[in-house]
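Undergrad: structure of the sequence below:
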Amino acid sequence: MTDETLIFIAPPPEHWDADFAQALIGKTLMLGLTFLDDDGELLERQQFFGAVIEANDLTGIVLDLLGEQDGDIYTLPPQTSAITAALPGVTTLAGEAPDFVVNWTIHGAPDEPANDED
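TA: Okay, here's the model as predicted:
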């Protein structure tokens, strides 16, 4: 893989809505991550929230995190179909009411180092 290789390719149209993506800019998004091991057993759950500062179909949806992770940046895959409006009463662990929520299930431990052969 070269440095010029894009990490993401454009998602299928059923997973990317460009108008919705642009409407996310400036909105708060709560992200829930569930990490499972190879047998499907729960390893860990994490929750973040932040303001959407960028959204495009090649680099993904970029959050400027708030709360305990204030100032950190987190990039989600370019998949708007996974994002839904937050229901009334939904709050983050910091007590904030987000505009939108998204949940992802990841098979593998959090923060695993890349398997680069460099």
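Undergrad: now do the strands in this protein.
TA: With strands called from DSSP state E, the chain shows them at 28-36, 42-56, 60-65, 73-76, 84-85, 100-107.
Undergrad: now the first one, how far from the chain's geometric center?
TA: Which is strand 28-36. Distance of strand 28-36 from the chain centroid (C-alpha atoms, centre = their mean, to the nearest Å) equals 7 Å.
Undergrad: now do the last one
TA: Relative to the chain's own centre, strand 100-107 is displaced by 7 Å; criterion: C-alpha atoms, centre = their mean.
Undergrad: what residues does that strand touch?
TA: Identification of contacts with strand 100-107 by C-beta atoms under 8 Å, 6 or more residues apart in numbering yields 24, 27-38, 40, 76, 82-86, 90. Where C-beta positions appear, they are placed from N, C-alpha and C, glycine not excepted.
Undergrad: select only the buried ones of those residues in ChimeraX?
TA: Buried residues among those (16 or more other C-beta atoms under 10 Å), as a ChimeraX selection:
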select :24,28,29,30,31,33,35,76,83,86
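Undergrad: so where is this structure shaky, pLDDT-wise?
TA: The chain contains residues with pLDDT under 70 at 1-13, 112-118.
Undergrad: grab the nearest non-local neighbour of residue 45.
TA: Leaving aside its chain neighbours, residue 45 sits nearest to residue 34 (5.4 Å; criterion: C-beta to C-beta, 6 or more residues apart in numbering).
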